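Participant: with the input below, show me the fold.
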Amino acid sequence: MGFPGTWMTESESVVYRVVPKCACSSIGQILFYSDHGRFYDGDIHDATSGLHKWAFEASQPRIEANAKAHRSHVFTCVRNPYTRILSSFFDKIAGIQRNGKRYRGNLVPMLMQKYGVEVGRPEDGFAFDQIASFRRFLLFARDTIRFRKPMDADIHWSAMSGHVGTFVTNGGRYDQVIFTENFNSGMQAVLDRIETPVKVDLAQVPRFNESEGHGPTRAHPVAAYFDDLSMHLMWEIYHRDFRLFRYDFDDPSNKMPKGEVDLDEMHAVLGD
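Facilitator: Model prediction:
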């Protein structure tokens with residue numbers, strides 16, 4: 001299986017396991033800059049050079065050799081499951097993608113037909129009942145994760161522990177897990193522990209949010225989207241994420257982690 005979702009700088013200064021919807025655009029750009037002294041012109045996910053990615057056949061032997069020998073600092077970044085699934089809904093389901101189309105072609109029409117999800121349109125200012133539609137989407141997300149029906153789970157809403165875990169089960173080990181909610185301090189802690197060809201000043205790094213500006217804005221506080229049933233579904237599909245990454249399941253309005261990740265526990269659970 002190897003190390004899917006893993007990126008590495010060409011200088012091999014650092015290895016990063018991508019977790020979708022967890023600041024991956026910003027992290028990828030910072031890694032690119034740390035080697036080349038410039039940011040990639042476009043979405044870093046589209047870059048086909050300047051960064052080793054497991055998706056590139058030529059990069060796989062380099063990443064695998066590095067990961068198995070643990071030659072470089074290895075990190076990943078996680079996010080509160082409540083805000084992550086909301087972000088996935090507003091970006092991938094309710095939003096229009098960079099190509100001007102809906103995500104994955106017929107996915108949204110299928111959600112409208114089978115789950116009663118509404119998403120609005122740019123022409124009407126994306127006017128729809130966000131809370132009702134999100135809760136119906138959450139039921140769909142649960143079905144894809146637990147039952148792989150009506151499709152396999154998408155990477156943007158499959159559990160973070162699943163993404164993070166592939167690196168462990170295939171012989172890798174993390175040195176650090178940072179939080180999207182404390183991004184600057186976490187990313188600085190990574191940079192402080194590695195040697196890069198180009199020094200990175202995080203204060204000068206622009207925000208890279210590739211999903212921003214092409215869909216509806218969240219109209220309510222996070223907690224408004226989650227009633228008792230929604231929270232039950234969240235625990236059913238993300239209980240390992242809440243536990244391992246120290247997020248507060250009982251209070252959806254508390255987006256901050258309750259403590260640092262216990263790396264030994266994380267490796268024991270994910271490597272099982």
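
Participant: list the contacts of I27.
Facilitator: Counting by C-beta atoms under 8 Å, 6 or more residues apart in numbering, I27 touches 16, 18, 77, 187. Yep, even glycine has a C-beta here, placed from its N, CA and C like the rest.

Participant: my read is it is in a strand, agree?
Facilitator: No - going by DSSP: H, G, I helix; E, B strand; the rest coil, the assignment for I27 is helix, not a strand.

Participant: what strands flank the longest strand belonging to the chain, and is each parallel or antiparallel?
Facilitator: The single longest strand within the chain, with elements called by DSSP state E, is strand 73-78. For strand 73-78, the paired strands and their directions (DSSP bridges) are strand 14-17 (parallel), strand 176-179 (parallel).

Participant: ranking the ones you listed by burial, who's on top?
Facilitator: Highest mean neighbour count of these: strand 14-17, a mean of 26 (counted as mean count of other C-beta atoms under 10 Å).

Participant: pLDDT on it, on average?
Facilitator: Averaging pLDDT along strand 14-17 gives 98.

Participant: just to revisit the earlier point, tell me the one of the contacts of I27 nearest Y247?
Facilitator: Minimum distance to Y247 across the contacts of I27 is 13.4 Å, recorded for C77 (C-beta to C-beta).

Participant: pairing partners for that closest one in the sheet, please.
Facilitator: With DSSP bridges as the rule, C77 is bridged to I178.

Participant: dump the strands paired with strand 73-78 to CSV, plus distance to S253.
Facilitator: Shown next, in CSV, are the strands paired with strand 73-78 (distance: least, C-beta to C-beta, whole Å):
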stretch, distance to S253
strand 14-17, 29
strand 176-179, 17
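
Participant: and of these, who's closest to D201?
Facilitator: With respect to D201, and counting by C-beta to C-beta, the nearest of these is strand 14-17 at 16.7 Å.

Participant: of the strands paired with strand 73-78, which is nearest D91?
Facilitator: Proximity to D91 (C-beta to C-beta) singles out strand 176-179 among the strands paired with strand 73-78, at 19.5 Å.

Participant: hey, C-alpha coordinates of the closest one in PDB?
Facilitator: What follows is strand 176-179, C-alpha atoms only, in PDB (Å, rounded to 0.1, in the frame of the first residue of the first chain):
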ATOM      1  CA  GLN A 176       4.500  15.800  15.600                       C
ATOM      2  CA  VAL A 177       0.800  16.400  15.200                       C
ATOM      3  CA  ILE A 178      -0.300  20.000  14.900                       C
ATOM      4  CA  PHE A 179      -3.700  21.600  15.200                       C
END
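
Participant: contacts for that strand?
Facilitator: Strand 176-179 is contacted by residues 73-79, 164, 186-187, 189-190, 193, 245, 256-257, 261, 263, 266 when judged by C-beta under 8 Å, 6+ apart.

Participant: same for the helix or strand of the chain with the lowest mean pLDDT, what does it pack against?
Facilitator: Across the helices and strands of the chain, mean pLDDT, DSSP states H and E gives its lowest value to helix 107-115, namely a mean of 95. In terms of contacts (3 or more C-beta pairs under 8 Å, 6 or more residues apart in numbering; DSSP states H and E), helix 107-115 is packed against helix 130-146.

Participant: so which of the contacts of I27 comes closest to P122?
Facilitator: V18 (29.0 Å).

Participant: got the contact list for the closest one?
Facilitator: Per C-beta under 8 Å, 6+ apart, neighbours of V18: 5-7, 24, 27-28, 76, 163.

Participant: apply 6 Å and report the result again.
Facilitator: 5, 24 (C-beta atoms under 6 Å, 6 or more residues apart in numbering).

Participant: helix, strand, or coil at the residue lying closest to K53 once chain neighbours are set aside?
Facilitator: Nearest in space to K53, with sequence neighbours left out and distances taken as C-beta to C-beta, 6 or more residues apart in numbering, is W7 at 5.2 Å. When classified by three-state DSSP, W7 comes out as strand.
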